[in-house]
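**Q** Fold the following and give me the result.
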Amino acid sequence: MERRTFISLSAFTAAALTLPMLQSCNTLSKDDALSKPDLLTQMVDEMEIKAVGTAYRTQVKAEDDQQKLRTVLLSGAPANADGVELKGMLDKQVSADFATGKTVQLNGWILSVTEARQCALYSLLKA
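**A** You can find the predicted model right below:
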């Protein structure tokens, strides 16, 4: 086999193996983006997220509804935003919440209101 052919085949093989994985890394459902607080999901299990969400819904009765939570979490988001864009927007909102003191204490955690709303939606979706 010629060196040029070998290099070409190697490059095509690497691309063929890598590109599908890149696409799968960039896919995130809107429900996952809306209902999974990024940092908290890395530290606790599903049961704790549900418990925190239930505590928030008990504390804030006006937001004890899937549609209401979706509406407040999506406020300011472009209508055609995908899951990855929503996650980025929500991450920025979490930072802004902490910067402005919009926090709540639930089950021993101090969370941004956005994170608490995400947990609340998660607890409704996974009930």
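
**Q** wait, Q59 sits on V104?
**A** Yes. Using CB atoms under 8 Å, Q59 is in contact with V104, at 7.2 Å. For the C-beta atoms, the positions are set from N, CA and C on the backbone; glycine is no exception.

**Q** Pick out whichever of these two has more residues nearby.
**A** Between Q59 and V104, counting by other CB atoms under 10 Å, V104 is the more crowded of the two (18 against 14).

**Q** And the next helix or strand past the helix or strand harbouring the more buried one?
**A** Here V104, judged by DSSP states H and E, is contained in strand 103-106. Next in sequence after strand 103-106, counting helices and strands by DSSP H and E, comes strand 109-112.

**Q** strand partners of that following strand, parallel vs antiparallel please.
**A** Taking DSSP bridges as the criterion, strand 109-112 forms sheet pairs with strand 103-106 (antiparallel).

**Q** For the strand it pairs with, buried residues please.
**A** Buried residues in strand 103-106, counting neighbours by 16 or more other CB atoms under 10 Å, are found at T103, V104, L106.

**Q** can you check stretch 78-96 too?
**A** Buried-residue list, stretch 78-96, by 16+ other CB under 10 Å: A81, G83, L86, K87, M89, L90, Q93, V94.

**Q** So which of those belong to helices?
**A** With DSSP state H as the criterion, helices contain G83, L86, K87, M89, L90, Q93, V94 from among the buried residues of stretch 78-96.
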